[in-house]
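Novice: With the sequence up front, the predicted model follows.
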Amino acid sequence: MAGAFQKIATLKVKNGTYKKDGVEKNLYHEVGVLLSSPHASQLLIKMHATAGTDPKLISVYFDDGVKLSLTNEPKKDDNDEVVPTADEIPF
């Protein structure tokens, strides 16, 4: 099962602050990772082990109407006008 999933994000919680060069910075602790199936049809959260538990897998269920796409291509807006090329115009 886990072989088909790939890590797409790290899950962290803020657990403090520190100062670097006079600027306050946040400290984070990694608590898990977000895994995705190849076409993002399934997401899993893998929580790391804590002092009292073993590692856990948590399924993520999308709300109705939500579709996730893992591409780097810009999202096409439904309102974008499609302009035909000169070859597509039948003159």
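Specialist: Received the coordinates, thanks. Numbers count the residues shown, from 1 in each chain.

Novice: List of residues touching the helix or strand of the chain with the lowest mean pLDDT?
Specialist: Scoring the helices and strands of the chain by mean pLDDT, DSSP states H and E places strand 56-60 at the bottom, with a mean of 74. Strand 56-60 has contacts (C-beta atoms under 8 Å, 6 or more residues apart in numbering) with 34, 42-47. (Glycine included, C-beta is placed from N, CA and C.)

Novice: Now render these as a markdown table, adding distance to Tyr28 and secondary structure.
Specialist: Converted to a markdown table, the contacts of strand 56-60 look like this (distance: C-beta to C-beta, whole Å; DSSP: H, G, I helix; E, B strand; the rest coil):
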| residue | distance to Tyr28 | secondary structure |
| --- | --- | --- |
| Leu34 | 15 | strand |
| Gln42 | 26 | coil |
| Leu43 | 21 | strand |
| Leu44 | 21 | strand |
| Ile45 | 16 | strand |
| Lys46 | 17 | strand |
| Met47 | 15 | strand |
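
Novice: Identify the farthest-apart pair in those.
Specialist: Gln42 and Met47 (16.7 Å; C-beta to C-beta).

Novice: need the contact list for Lys14.
Specialist: Lys14 touches 26-28, counting by C-beta under 8 Å, 6+ apart.

Novice: Let's see that with 7 Å instead.
Specialist: 26, 28 (C-beta atoms under 7 Å, 6 or more residues apart in numbering).
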